[in-house]
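[1] Please work out how this folds:
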Amino acid sequence: MRRFNRFYTNILGVLDKHILGTGYSFAEVRVIIEIGIRGESIANNLVDTLTIDRSYMSRIVNKLSKEGLLVKVDSAADSRVSLIRLTAKGEELYAQLNDRSDQQILKLIQDLNEEEIQEVYTSMMNIQEKLNKKAGETTR
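    Model prediction:
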């Protein structure tokens, strides 16, 4: 399993200093993607979902805010809580990340036929299902 993890993270470039040619770290990209998926989030929820240290999350949010990718707004439901959203610039980066990720996967499977692609997909879903069941988590 560890050998496969090393293989796959190497293929995706997860251990590279900058992810998908953006100049952002893996953790920073994870934050952008998660907020992009959710639409908005509370920092503590991101800490829990992404299992990132609270102080590290704070530094990431501050950096991405200064760069104009994120904005903090007060929650209408609770004024003590700030919601984090992507700005227009952040949404543009989120879209680029999705496009680059799609291109990366297409390049990875370009030499496989339809049957092989389905086999890989089924295997990946099977692994996810088994490990989620073991961890007591639900799939997204």
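[2] residue boundaries of the helices in this structure?
    With helices called from DSSP state H, the chain shows them at 2-12, 26-38, 43-50, 54-66, 88-109, 114-135.
[3] Just send those back as a markdown table, with distance to residue 20 and mean pLDDT too.
    (C-beta placed from N, C-alpha, C; glycine too.) As requested, the helices of the chain are arranged in a markdown table below (distance: least, CB to CB, whole Å; pLDDT from 0 to 100):
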| stretch | distance to residue 20 | mean pLDDT |
| --- | --- | --- |
| helix 2-12 | 9 | 81 |
| helix 26-38 | 7 | 93 |
| helix 43-50 | 17 | 89 |
| helix 54-66 | 16 | 94 |
| helix 88-109 | 4 | 93 |
| helix 114-135 | 20 | 90 |
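[4] Pick out the residue nearest the middle of this structure.
    residue 30 (3.4 Å; CA atoms, centre = their mean).
[5] Excluding chain neighbours, what is closest to that residue?
    In space, and not counting its chain neighbours, residue 30 is closest to residue 50: 5.4 Å by CB to CB, 6 or more residues apart in numbering.
[6] Look at that neighbour and say how many residues are nearby.
    A total of 15 residues lie near residue 50 under the criterion other CB atoms under 10 Å.
[7] Same check on residue 9?
    Neighbour count of residue 9, defined by other CB under 10 Å: 13.
[8] Number the chain from 127, please
    New numbering, starting at 127: the last item is residue 135.
[9] and the gap between it and residue 151?
    Applying CB to CB, to the nearest Å, the value for residue 135 to residue 151 is 14 Å.
[10] Mind listing what's buried along stretch 206-218?
    Neighbour counts over stretch 206-218 (16 or more other CB atoms under 10 Å) mark 209-212, 216 as buried.
[11] Among those, which one lies nearest to residue 165?
    Distance to residue 165 across the buried residues of stretch 206-218 (CB to CB) is lowest for residue 211, with 7.2 Å.
[12] Let me know the distance separating the closest residue to residue 194 other than its chain neighbours from residue 169.
    Closest residue in space to residue 194, ignoring its immediate chain neighbours: residue 215 at 4.9 Å, by CB to CB, 6+ apart. For residue 215, the distance to residue 169 (CB to CB) stands at 19 Å.
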